[in-house]
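Peer 1: Sequence and predicted model, in that order:
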Amino acid sequence: MFHGKVAVVTGAARGIGRAAVELLASNGAKVVISDLDQDAATEASAQISGDTAVHSGNLCDEGAPEALVATAIEQYGQLDIVVNNAGYITDGPLHKLSDQSFQDMLDIHTIVPFRVLRAAAPYLRDPAKRERAEGIEVFRKVVNVTSMAAYGNAGQANYSAAKSGLIGLTKTLAKEWGSFKVNVNAVAFGLVDTRLTQAKTDETVVTIGDKTVHVGVPEQLRSAMNSLVPLGRGATPAEAAGGIGFLCSPWSDHVTGQVLNVGGGLALGMTA
């Protein structure tokens, strides 16, 4: 399905990102695995069957998004698919959130995708100009990973705001890049079984730059969340990646500016 395509997936060494790389690579794509953890990214590249390259670094750092795109061009000479998946959570009620905690969520979930896509723009748009002159259509894909928390979720004002902003970015870019045959969509996940939703303990921490972030959710809350999913459980990373794969595939060539909810029927936010 993806033969001849080159993809970049961020946050790709584990969880949903890795599952997305496996899906793309197993169907013929050449994939750049981008992750904060170089060792994990290198290990994933070695274990995944297919043609993969590695980019490591904190995408919030100055110049890192541009370096990521440059890796794809240097390794493979083109770029056809961008999956903005990198992220983490720092939850808390609004009245206890610091300015930094709010800014951190905006940085990784909204500003990083903006910068990655700005860096990718020439390689997604310019080929379409030549193809248009030749009378052919080639569709390229952008998939931004948002969350059903974007519709409102108590305890996640910072994360919800950032993921909601990513939806706005998605819909705007779909209008700007439609004439270049770039499909720009988002997939909003509910509960997915990754290290961000594992049972929280004193050991469930992630180091991001100079920060140590406590990830996971209390076991009681995990059970409650599962009970709210009509299908009875959260998604596996492979199931979640299916939504990404669809939006990267030729099956979505006439789909743009959309948010695909992959939550097992989970309803979040205000409902009438």
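Peer 2: Nice, I can see it. Residues are numbered from 1 along each chain as shown.
Peer 1: Next, residue 145: secondary structure please.
Peer 2: strand (DSSP: H, G, I helix; E, B strand; the rest coil).
Peer 1: close enough to count as contact, it and residue 194?
Peer 2: No. Counting by Cβ atoms under 8 Å, residue 145 does not reach residue 194; the two are 11.6 Å apart. (Glycine included, C-beta is placed from N, CA and C.)
Peer 1: what do those two both touch?
Peer 2: Taking Cβ atoms under 8 Å, 6 or more residues apart in numbering as the contact rule, the neighbours common to residue 145 and residue 194 are residue 16.
Peer 1: When the two are compared, which one has more neighbours?
Peer 2: residue 145 (27 against 21; other Cβ atoms under 10 Å).
Peer 1: so what's that one up against?
Peer 2: So residue 145 contacts 16, 83-85, 87, 186-187, 189, 244 (Cβ under 8 Å, 6+ apart).
Peer 1: measure it to residue 117 for me?
Peer 2: Residue 145 is 13 Å from residue 117, where distance means Cβ to Cβ, to the nearest Å.
Peer 1: Give the residues shared as contacts by these two.
Peer 2: Residues touching both residue 145 and residue 117 by Cβ under 8 Å, 6+ apart: residue 84.
Peer 1: quick revisit: of the contacts of residue 145, closest to residue 237?
Peer 2: Lowest distance from residue 237 to those (Cβ to Cβ) belongs to residue 16, with 5.0 Å.
Peer 1: Only the buried residues of the strand or helix carrying that closest one, if you could.
Peer 2: Per DSSP states H and E, residue 16 falls inside helix 15-26. Neighbour counts over helix 15-26 (16 or more other Cβ atoms under 10 Å) mark 15-25 as buried.
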